[in-house]
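S.K.: coords below, sequence missing:
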């Protein structure tokens, strides 16, 4: 009996040693919490322990990847930055023999990065200014300062600004990135931006600032992420968010080339795409699920679904942001031009 007990005791440390530790570098706050507790909820079942670090903004992530620095097994980043890292060969290929790509739309299963959640930038307006359902419904109406007078605000780094300008100028949503891939198209976008510039009261620099501007009534109309608009509404703000002509973008998981245990990472990513974990992430972070079975299986209530980009009633009203354009030299030049446009 003593020998048997000793044998069990010898086995316990071996079982503990068999656990794999993976380091996830995230943005912190509620988003990182939602990733770890929602997307990675099955880590324990896979005998994986998650060690958390903060990744910071893109410059820090890029520096880590360029240096091939040790320590990270996976991090999260938007699709455009993920495409940049992929083009620079700074991240490894997603193993689709382990990760089931049939769980998500084909455009979100890229060779070296994979979408795990979606967010959208669209128009929001104060109902007390325009009336519920009576404010601008399109970017052309956002630009129409005669029909819809009021203080406006847009994102101040240029993201989605050129797309909004082209939509306001009558370019069909399906042709926006085709148009932006031409010098004439970029010129057209900036010509339209010149028209709205005198009417932009604030070019906001952070999501928190965007929320504050609307909460305090400093602006009447704003380009804002769906999650921030949802937070405003949850706090009692009387606003309307417009899905029509919004720009839907994607949060990706990327795996550095020197990840310690790629197989375990791929197993974890695969479970992150399961409907129950996708639903948990949506509840925790307000990101739209990439596995649309979440909606088929009715894992989310209608109130939350109304705020999610990939919900059936919202998805077809929007344009998917083109990460390959954003990762191009042409886009970089356009963003630099945008900074000069702001300074004029």
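M.R.: Structure received. In this text the structure is predicted, and so the values were computed from the model without any measurement. Numbers count the residues shown, from 1 in each chain.

S.K.: other SSEs contacting the strand ranked longest in the chain?
M.R.: Using DSSP state E, we find that the single longest strand of the chain is strand 239-254. Packed against strand 239-254 by the contact rule (3 or more C-beta pairs under 8 Å, 6 or more residues apart in numbering; DSSP states H and E) you find strand 74-78, helix 79-87, strand 114-126, helix 161-168, helix 226-234, strand 319-320. For every residue, glycine as well, the C-beta is placed using N, CA and C.

S.K.: the same query, at a cut-off of 7 Å, please.
M.R.: For strand 239-254, the packing partners by 3 or more C-beta pairs under 7 Å, 6 or more residues apart in numbering; DSSP states H and E come out as strand 74-78, helix 79-87, strand 114-126, helix 226-234.

S.K.: would you mind giving those as a markdown table with mean pLDDT and mean neighbour count added?
M.R.: Below are these laid out as a markdown table (pLDDT from 0 to 100; neighbours: other C-beta atoms under 10 Å):
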| stretch | mean pLDDT | mean neighbour count |
| --- | --- | --- |
| strand 74-78 | 96 | 23 |
| helix 79-87 | 97 | 22 |
| strand 114-126 | 98 | 26 |
| helix 226-234 | 96 | 20 |
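
S.K.: reformat the ones you listed as TSV; add distance to residue 175.
M.R.: Below are these laid out as TSV (distance: least, C-beta to C-beta, whole Å):
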stretch	distance to residue 175
strand 74-78	23
helix 79-87	20
strand 114-126	19
helix 226-234	24
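
S.K.: minimum distance to residue 51: which of these has it?
M.R.: Residue 51 lies closest, by C-beta to C-beta, to one member of the helices and strands packed on strand 239-254: strand 74-78, at 11.0 Å.

S.K.: helices or strands up against that closest one?
M.R.: strand 20-26, helix 58-66, strand 239-254.

S.K.: most tightly surrounded among these?
M.R.: strand 239-254 (a mean of 23; mean count of other C-beta atoms under 10 Å).

S.K.: just want the angle from the following helix or strand past that strand to strand 239-254.
M.R.: Scanning forward in sequence from strand 239-254 by DSSP states H and E, the next helix or strand is helix 262-272. Going by axes from the mean of the first three to the mean of the last three C-alpha atoms, to 10 degrees, helix 262-272 is angled at 160 degrees with respect to strand 239-254.

S.K.: for helix 262-272, packing partners?
M.R.: Helix 262-272 packs on strand 20-26, going by 3+ C-beta pairs under 7 Å, 6+ apart.

S.K.: what lines up beside the strand it packs on in the sheet?
M.R.: strand 48-54 (parallel), strand 74-78 (parallel) (DSSP bridges).

S.K.: and the angle for that strand with helix 58-66?
M.R.: Using the same axes, to 10 degrees: strand 20-26 against helix 58-66 is 140 degrees.

S.K.: ok, then the element right after strand 20-26?
M.R.: Next along from strand 20-26, by DSSP H and E: helix 29-34.

S.K.: buried set for that next one?
M.R.: Buried residues in helix 29-34, defined by neighbour count with 16 or more other C-beta atoms under 10 Å: 31, 32, 34.

S.K.: equivalent analysis for stretch 315-327, please.
M.R.: Neighbour count says stretch 315-327 has 315, 317, 318, 319, 320, 321, 322, 323, 325, 326, 327 buried, by 16+ other C-beta under 10 Å.

S.K.: same deal with stretch 257-273?
M.R.: 259, 262, 264, 265, 266, 267, 268, 269, 270, 271, 272, 273.

S.K.: mind checking how far the residue lying closest to residue 54 once chain neighbours are set aside is from residue 53?
M.R.: Spatial nearest neighbour of residue 54, chain neighbours left out: residue 28 (5.0 Å); criterion: C-beta to C-beta, 6 or more residues apart in numbering. Distance of residue 28 to residue 53, computed by C-beta to C-beta, to the nearest Å: 9 Å.

S.K.: again with residue 302
M.R.: Taken as C-beta to C-beta, the span from residue 302 to residue 53 is 37 Å.

S.K.: the two: who's more crowded?
M.R.: residue 53 (15 against 9; other C-beta atoms under 10 Å).

S.K.: hey, what's that one bridged with?
M.R.: Assigned bridge partners for residue 53, using DSSP bridges, are residue 25.

S.K.: OK, contacts around it?
M.R.: Contacts for residue 53 were tallied using C-beta atoms under 7 Å, 6 or more residues apart in numbering; they are 23, 25, 72.

S.K.: run the last query once more with 8 Å
M.R.: 23, 24, 25, 26, 71, 72 (C-beta atoms under 8 Å, 6 or more residues apart in numbering).

S.K.: out of these, who's nearest residue 123?
M.R.: When the contacts of residue 53 are compared against residue 123 (criterion: C-beta to C-beta), the nearest one is residue 26, at 29.1 Å.

S.K.: which residue packs closest to the closest one, ignoring adjacent ones?
M.R.: residue 32 (3.5 Å).

S.K.: roughly how far apart are the one you found and residue 288?
M.R.: 18 Å.

S.K.: what of residue 276?
M.R.: Taking C-beta to C-beta, one finds residue 276 at 16 Å from residue 288.

S.K.: looking at the two, which is more packed in?
M.R.: residue 288 (29 against 16).

S.K.: need phi/psi at that one.
M.R.: phi -70, psi 140 (degrees, to the nearest 10).

S.K.: from now on call the first residue 26
M.R.: Done: numbering now begins at 26, and the last item shifts to residue 313.

S.K.: with that, I have no additional questions.
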